[in-house]
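J.: Here is my input, please return the structure:
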Amino acid sequence: MSDTENDLWSLGAGGRHELGTLTINYDAFYSHTVTRRTSNLNFIVRNVPSAQGYFQWEYDLSNRLYPRIRVINGLDPRNPATMNRADLTLEPEDRIEETVTAKIDAEKKFVTDRFVFAFKTGGKIRATFPRFDQSQQNYTTGTTFPYAQVVRPTDRVVHKRPQYLEVIPEKVRELLASSPALFPSNVYAAKRASVIEDFAAEEKTGAAYAMGTVQLGRHTTILGGVRVEANWWESRRKQVDQATLRETPVNNGSYYTNVLPGLHFRHALGPNLILRESVNRSYGRPTLSRLTLGRSEDINGNIAQGNPYLRPTTSDNFDVQLERYTARGGLFSVGLFWKKMQGFYYNQSYRFTTLDANGDAIPDPNGTRTWQKWQNAAGADNKGIELIAQQKLHFLPKPLNGLGLSLSATFTDSVAHYPDRPGEKLPTYGFSRAMFNASGDYVLGPFRGRLSYRYRSAYLEGIDTTRYLDDWFAAREQLDAEVSWRLRKNTRLTISGENLTSRVQASYQGYLPYIEDNSNYGWRATVGVELTF
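T.: Presented below is the predicted three-dimensional model:
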């Protein structure tokens, strides 16, 4: 049970000046966002071994996306008498973020008889100030708790599996208010959880660039330049002493600069036939959430920890693309790419049972708890081919001439190097071997329609001690649609639907897949009116 409020307001302004062959653009932007979760209640009922005995389950994995689970020893999961523990968490929170951005660009053009040259330079500054404050209360109930008052049987089926029971949040709140003695408080867990994720941070980024574009004759264009970007960040959070419950401030911060050169070529090989080549360096910053996260421990003793020492990810990129345009709105292209990455992020994960003197987990393949911490990997080589085909079908007879088709496919190979798994061939986090997109558009008078299909193959989401324990997201496909009708010259009615087939997103563990989790967000429809002034 959760109630959330969101408030956002922003202000932007800018301008443009043209002084002959010199053009100057500038703008500034400010935003203020507040997300307030005023109420959040989690009440998890557990059937742990008791006088009623153990639940014995039978698992049917013939359909791995929808594993079937049945009780085979006669105990009734709907019977409150089998319940002897519940964990109650109340967790309101506030997220506040302010962002300020300003940038300026200037471009000067030079035209001669032999070539056309344009020089462009500019700078940008961005500052963001996020704050997060969470309060938490933790309670654990026992065998004498009146579970029958706060749960009820249900015939609801989730992912083709029976739910058996559902919690009545209002009844839990009423019972907590009227009989607080039934809810013993976990003082340290509540205190620790209330401060472990709290932080106040600021991140500032300054960037400057210079680039030049030269056109040699009618067929060749060369663009080269360099961008220098500097980043500062610092955060303030707290940690709690288990014995005294005393809060101690923890301050972290870092500074780094990246130089990002790039060189790009465009060749007009013939009418509507373009060849492009590019060599450049890019980088990505670690998110503040990964840098500022404290140390959290769930009820089963599993530990997750942030890492303020994460460094930025850099990538040297090499791309070649051949494009063919048709006279009737078509595009056919093939592209090759190779990305050599350094320091990309992965969630280090391994099993453990005990901690060392510094509080770090001691790896144990047979451990009963899990340790997770974001780390920089050694590097990765990602390469692949991308195919694109787009065509308006004007040549068909009416009314089919309003159709348009778009297809794209990407096939990749990824080899990443993880310090925890030396010598093994593993892919980069989130890297699918195949992705496919297809869409059909139709336009007839004031009507527009679009049907699109997306597919991506399985990808790695977490590594463990062996490939038999690694976590993967299974292959996913999604079907979306959108139709619109122009009511007037400046008014359009739009109806869109996402995930129309309600496909399950499944995650699995191991080289031979064992489904761990099924998530189904169902389909979503949106109705809107677009006004143009």
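J.: check contacts around the spatially most central residue of the chain.
T.: Nearest to the mean C-alpha position of the chain, by C-alpha atoms, centre = their mean, lies Gly430 at 9.9 Å. Taking C-beta atoms under 8 Å, 6 or more residues apart in numbering, we find Gly430 in contact with Tyr459, Leu460, Glu461. For every residue, glycine as well, the C-beta is placed using N, CA and C.
J.: What residues of stretch 498-508 count as buried?
T.: Glu498, Asn499, Arg503, Val504, Gln505, Ala506, Ser507, Tyr508 (16 or more other C-beta atoms under 10 Å).
J.: follow-up on the earlier one: quick check, the residue nearest to the centre of the chain in a strand?
T.: No: counting by DSSP: H, G, I helix; E, B strand; the rest coil, Gly430 is located in no strand; its state is coil.
J.: so what pLDDT did Gly217 get?
T.: pLDDT recorded at Gly217 is 77.
J.: Any stretches of the stretch 201-350 of the chain with poor pLDDT?
T.: 242, 298-299 (pLDDT under 70).
J.: For it, which segments count as strands?
T.: Ranges of strands within the stretch 201-350 of the chain are 220-240, 247-270, 273-284, 295-297, 303-305, 313-325, 331-342, 345-355, based on DSSP state E, counting those that start in this stretch.
J.: And the last one, what does it pack against?
T.: Of the remaining helices and strands, those touching strand 345-355 by 3 or more C-beta pairs under 8 Å, 6 or more residues apart in numbering; DSSP states H and E are strand 361-363, strand 369-376, strand 459-462.
J.: buried ones in the shortest one?
T.: Residues of strand 361-363 classed as buried: Ala361 (neighbour count, 16+ other C-beta under 10 Å).
J.: Around Asp7, how many other residues sit close by?
T.: Look at Asp7: counted by other C-beta atoms under 10 Å, it has 10 neighbours.
J.: I'd say Glu93 and Arg37 touch.
T.: Yes: the criterion here is C-beta atoms under 8 Å, and Glu93 meets it with Arg37 at 4.8 Å.
J.: Closest one of the contacts of Gly430 to Arg85?
T.: Checking the contacts of Gly430 against Arg85 by C-beta to C-beta gives Glu461 as the nearest, at 30.4 Å.
J.: what helix or strand is Ala506 on?
T.: strand 505-509 (DSSP states H and E).
J.: How about Phe119?
T.: Take DSSP H and E as the rule and Phe119 turns out to sit in strand 115-134.
J.: how far is whichever helix or strand comes after that strand from where the chain is centred?
T.: Of the helices and strands lying after strand 115-134 in sequence (DSSP H and E), the nearest is strand 137-141. Here strand 137-141 is found 31 Å from its chain centre; the criterion is C-alpha atoms, centre = their mean, to the nearest Å.
J.: counting contacts, what elements does strand 137-141 pack onto?
T.: Contacts defined by 3+ C-beta pairs under 8 Å, 6+ apart place strand 137-141 against strand 85-90, helix 187-196.
J.: which one of these has the lowest average pLDDT?
T.: Ranked by mean pLDDT, those bottom out at helix 187-196, which scores a mean of 78.
J.: buried set for that one?
T.: Ala189, Ala190, Lys191, Arg192, Ala193, Ser194, Val195, Ile196.
J.: What of stretch 219-232?
T.: Across stretch 219-232, burial judged by 16+ other C-beta under 10 Å covers Thr221, Ile222, Leu223, Gly224, Gly225, Arg227, Glu229, Asn231.
J.: What does Val150 show for phi and psi?
T.: Per-residue torsions, Val150: phi -120, psi 0 (degrees, to the nearest 10).
J.: For it, give its distance to Pro92.
T.: 20 Å (C-beta to C-beta, to the nearest Å).
J.: Check Ser414 too.
T.: Ser414 sits 41 Å away from Pro92, going by C-beta to C-beta.
J.: With neighbour numbers in mind, choose between those two.
T.: Per other C-beta under 10 Å, whichever of Ser414 and Pro92 has more neighbours is Ser414, with 22 against 18.
J.: pretty sure Glu174 is in a helix, no?
T.: Yes: assigned with three-state DSSP, Glu174 falls within a helix.
J.: Let me have the strands of the stretch 201-350 of the chain in TSV, extended by distance to Ala102.
T.: Below are these laid out as TSV (distance: least, C-beta to C-beta, whole Å):
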stretch	distance to Ala102
strand 220-240	15
strand 247-270	20
strand 273-284	21
strand 295-297	36
strand 303-305	36
strand 313-325	26
strand 331-342	31
strand 345-355	29
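J.: closest one to Arg369 among the ones you listed?
T.: The nearest among the strands of the stretch 201-350 of the chain, by C-beta to C-beta, is strand 345-355 at 5.6 Å.
J.: mind listing what the closest one pairs with, with the direction of each?
T.: Sheet pairing for strand 345-355, assigned by DSSP bridges, gives strand 361-363 (antiparallel), strand 369-376 (antiparallel).
J.: Mean confidence (pLDDT) on the first one, please.
T.: Throughout strand 361-363, pLDDT has a mean value of 87.
J.: about what we covered before: quick one: which of the buried residues of stretch 498-508 is nearest Arg448?
T.: Nearest to Arg448 out of these is Glu498 (C-beta to C-beta; 17.2 Å).
J.: who does the closest one bridge with?
T.: Under DSSP bridges, the beta-bridge partners of Glu498 are Arg524.
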